[in-house]
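Participant: Output the structure for:
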Amino acid sequence: MTDTSVAPLTKKDFVSDQDVRWCPGCGDYSILAQTQKTMPDLGIPKEKIVFVAGIGCSSRFPYYMDTFGFHTIHGRAPAIASGVKVSNPELSVWVITGDGDALSIGGNHLIHLLRRNLDMNIVLFNNEIYGLTKGQYSPTSEFGKKTKSSPFGSLDRPFNPISLALGANSTFVSRTIDTNTLHLQESLKRAHLHKGTSFIEVYQNCLIYNDGAFSHLSDKSVKDDNILDLKHKEPMIFGKERDKGIRLDGFKAEAVKMKKNISKEDLLVHDEHDRDLAGLLSNFTEEESLPTPLGVIYSEEQPRYEELMVDQINLAKEKLGEGDLQMLIAGADTWEVT
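Facilitator: Now for the predicted structure:
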């Protein structure tokens, strides 16, 4: 819950005294800056905020936020963060991870955090490459990607993080990009407001090992024709001239140009509470003819794990009493080794 009695904070209050050590031009700088700008707007005391990270370039993040933080081990940030949240339900917990950290060694931890629905936030930096270890293909690298670890092209089909999150029954799924600073700030705010696990995929440019991976979404000359900016209850319109839209052809989405015989009324209207529509949107990135959706793709309210756990513990206490650890250890249900 937002504490309105907290003295106003500014971005400077969330900037740590550590030198930021990313490559010049890295998209991580933007994500960090927008996070530091956004935190004061949440109205939460700094001592109630925790950033938990795994391993990778993105995982330096806790050092640069003047809040509590935990730099954990590869892929295990969701597990550590779950323990932090369950033990301290009043904290605002943010998991900072990358496509390699979250979707390779950490894949199992990620999907179980999403399905449990603790009230916390996951920010996945997706640069479609392993940057920290110097340019190997990652779980989101495109098929055929030539890297140091795949000189003849990757044979792996890439993960779609949005589809994966929806498949794990995530209650909040969104996507943004490092170059759209206002959109990124709004995405962080929406994630915070959601009561449950929020999953944000952030397209992030790796200038050194995968530069230009998202240039079609950041280049001013073409981005408007390639981005579908999702707005709840509004028709899906895009294009530099706002003259293109998305409509259904049977069960398949298609991009159309609005003409005399095609109007706004013919277009799909976004509903962020429609799981079937979210599934359709998640696959837009698989079709070259369709724009890339940015914004809240899906959102629903479901019971939160930490609240259910507290209720269950309280019920057990009512039925069985407080319990005694020493009695449990010394109880009859023991093994004798002879």
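
Participant: so what pLDDT did Lys260 get?
Facilitator: If you check Lys260, the pLDDT there is 80.

Participant: same thing with Asp311?
Facilitator: pLDDT, Asp311: 95.

Participant: show me where pLDDT drops low in the stretch 201-338 of the chain?
Facilitator: 334 (pLDDT under 70).

Participant: Report back the residue of the chain that's furthest from centre.
Facilitator: Thr338 (52.7 Å; Cα atoms, centre = their mean).

Participant: Quick check on Ala102: phi, psi?
Facilitator: When read as degrees, to the nearest 10, the backbone of Ala102 gives phi -80, psi -30.

Participant: so where's the longest helix in this protein?
Facilitator: helix 305-320 (DSSP state H).

Participant: For that helix, list the C-alpha coordinates in CSV.
Facilitator: Output of helix 305-320 as CSV, limited to C-alpha atoms (Å, rounded to 0.1, in the frame of the first residue of the first chain):
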residue,chain,number,x,y,z
TYR,A,305,0.4,-16.3,-2.7
GLU,A,306,1.7,-14.5,0.4
GLU,A,307,-1.9,-13.6,1.6
LEU,A,308,-3.1,-17.2,1.1
MET,A,309,0.0,-18.5,3.0
VAL,A,310,-0.7,-16.1,6.0
ASP,A,311,-4.4,-17.2,6.0
GLN,A,312,-3.4,-20.9,6.0
ILE,A,313,-0.9,-20.4,8.8
ASN,A,314,-3.5,-18.6,10.9
LEU,A,315,-6.0,-21.3,10.3
ALA,A,316,-3.5,-24.0,11.3
LYS,A,317,-2.8,-22.0,14.5
GLU,A,318,-6.5,-21.8,15.3
LYS,A,319,-6.9,-25.6,14.9
LEU,A,320,-3.6,-26.8,16.3
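
Participant: for that helix, packing partners?
Facilitator: helix 77-87 (3 or more Cβ pairs under 8 Å, 6 or more residues apart in numbering; DSSP states H and E). Heads up, the C-betas are built off the backbone N, CA and C, glycines and all.

Participant: What's the mean pLDDT across the helix it packs on?
Facilitator: 97.

Participant: Compute the inter-axis angle for it and helix 305-320.
Facilitator: Helix 77-87 runs at 50 degrees relative to helix 305-320, counting by axes from the mean of the first three to the mean of the last three Cα atoms, to 10 degrees.

Participant: which helices and strands does helix 77-87 pack with?
Facilitator: Counting by 3+ Cβ pairs under 8 Å, 6+ apart, helix 77-87 packs on strand 49-53, strand 68-71, strand 92-98, helix 107-116, helix 305-320.

Participant: Same question for the nearest residue in space to Met236 that is not next to it in sequence, what's its three-state structure.
Facilitator: Leaving out its chain neighbours, the residue that sits closest to Met236 by Cβ to Cβ, 6 or more residues apart in numbering is Ile246, at 3.9 Å. Taking DSSP: H, G, I helix; E, B strand; the rest coil as the rule, one finds Ile246 in the strand state.

Participant: three-state assignment of Pro293?
Facilitator: strand.

Participant: mind checking how far it is from Ser154?
Facilitator: Per Cβ to Cβ, to the nearest Å, Pro293 is found 25 Å from Ser154.

Participant: same check, this time on Ser221
Facilitator: Taking Cβ to Cβ, one finds Ser221 at 29 Å from Ser154.

Participant: Pairing-wise in the sheet, spell out the partners of the residue nearest the centre of the chain.
Facilitator: The centroid of the chain falls nearest to Ile200 when counting by Cα atoms, centre = their mean (2.3 Å). With DSSP bridges as the criterion, Ile200 is bridged to Val123, Ser174.

Participant: who are the neighbours in contact with it?
Facilitator: Contact partners of Ile200, counting by Cβ atoms under 8 Å, 6 or more residues apart in numbering, are Asn121, Ile122, Val123, Leu124, Ser174, Arg175, Thr176, Ser187, Leu188, Ala191.

Participant: I'd like the distance from the helix or strand just after the longest helix of the chain to the chain centre, please.
Facilitator: Downstream of helix 305-320, the first helix or strand assigned by DSSP states H and E is helix 325-329. How far helix 325-329 lies from its chain's middle: 41 Å, per Cα atoms, centre = their mean, to the nearest Å.

Participant: next one: stretch 101-121
Facilitator: Per Cα atoms, centre = their mean, the centroid offset for stretch 101-121 relative to its chain is 10 Å.

Participant: And it, what's buried?
Facilitator: 101-107, 109-111, 113-114, 116-121 (16 or more other Cβ atoms under 10 Å).

Participant: Nice, that's everything, thank you.
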